[in-house]
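Q: Predicted model and sequence below, questions to follow.
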Amino acid sequence: MRRSPRGRRVRRGWRLAFGLFVLALIVSATAAPRTSSLRFRTDDWVTECGASGCSITGLFQQTNLNGRRGSFALVILLGSRQLAVVGEPYPIRARVQIDKNNPAECTGPRYCIFPSREARRAISELGAGSLVLVDVYTGKDLFRSSLSTRGYQASLAELQAAGYAVPAI
């Protein structure tokens, strides 16, 4: 039985498509940025890197004057230079002050994401500061806490030493 020329063209098209697909996979695998994950902890700061970028998270827990307990995180996304406060109970407002600099404030239900300009300023202050004061407002309570910046600064140094691109802030 003889095959039609159209059948050969379809098979050739599939082979070409498959070949291009394999070539794209090879190129993306070799050109893609570092996809292996990295995770380490320094003081109260946890650093994580993966395919989507690197983040440094300051962890803090607090029992307020009313005896209520809260667990929160100050999250810095290095690639996009975003800053947020998340936690339990959900923050509706937060205030972050590094040393005696002007505080940065955010609002938002469930996740408190700082405005871009204030986030960039606060992140650059973290690199040179020594103490972070964090006030987290929830629906009913206020939680006040502090973090040392040493762990954050050590995390940046370790990322640079490992070959990760740490943006100049």
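A: Now that the structure is in, tell me what you want to look at.

Q: what's near enough to touch the residue nearest to Gly108 when sequence neighbours are not counted?
A: Spatially, and ignoring its direct neighbours in sequence, Gly108 is nearest to Ile92 (7.2 Å; C-beta to C-beta, 6 or more residues apart in numbering). Just so you know, the C-beta spots here come from the backbone N, C-alpha and C atoms, and that holds for glycine as well. For Ile92, the contacting residues are 107-109, 112, 137-139, by C-beta atoms under 8 Å, 6 or more residues apart in numbering.

Q: now these: which count as buried?
A: 108, 112, 137-138 (16 or more other C-beta atoms under 10 Å).

Q: Going by distance to Leu159, which of the residues you listed wins?
A: Nearest to Leu159 among those is Cys112, at 24.8 Å by C-beta to C-beta.

Q: So Glu158 belongs to a helix, correct?
A: Yes - with DSSP: H, G, I helix; E, B strand; the rest coil as the criterion, Glu158 is part of a helix.

Q: what sits against it?
A: Here Glu158 is in contact with 40, 42, 47 (C-beta under 8 Å, 6+ apart).

Q: Dump those residues into JSON lines; add neighbour count and pLDDT as well.
A: Converted to JSON lines, those look like this (neighbours: other C-beta atoms under 10 Å; pLDDT from 0 to 100):
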{"residue": "Phe40", "neighbour count": "14", "pLDDT": "96"}
{"residue": "Thr42", "neighbour count": "17", "pLDDT": "94"}
{"residue": "Thr47", "neighbour count": "24", "pLDDT": "97"}
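
Q: Among those residues, name the ones in strands.
A: Among the contacts of Glu158, the residues falling in strands (DSSP state E) are 40, 42, 47.

Q: residue ranges for the helices of this structure, please.
A: Along the chain, the segments classed as helices by DSSP state H run 5-31, 116-128, 150-161.

Q: For stretch 112-122, buried residues please.
A: Buried residues in stretch 112-122 (16+ other C-beta under 10 Å): 112-114, 118-122.

Q: Out of the contacts of Glu158, which is nearest to Arg69?
A: Nearest to Arg69, judged by C-beta to C-beta, of those is Thr42 at 24.4 Å.

Q: Grab the nearest non-local neighbour of that closest one.
A: Closest to Thr42 by C-beta to C-beta, 6+ apart is Gly151, at 4.2 Å.

Q: contacting residues for the one you found?
A: Counted by C-beta under 8 Å, 6+ apart, Gly151 has contacts 42-45, 58.

Q: Would you format the residues you listed as JSON lines with distance to Phe72 included?
A: Shown next, in JSON lines, are the contacts of Gly151 (distance: C-beta to C-beta, whole Å):
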{"residue": "Thr42", "distance to Phe72": "18"}
{"residue": "Asp43", "distance to Phe72": "16"}
{"residue": "Asp44", "distance to Phe72": "11"}
{"residue": "Trp45", "distance to Phe72": "13"}
{"residue": "Gly58", "distance to Phe72": "9"}
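
Q: No further queries at this time; thank you.
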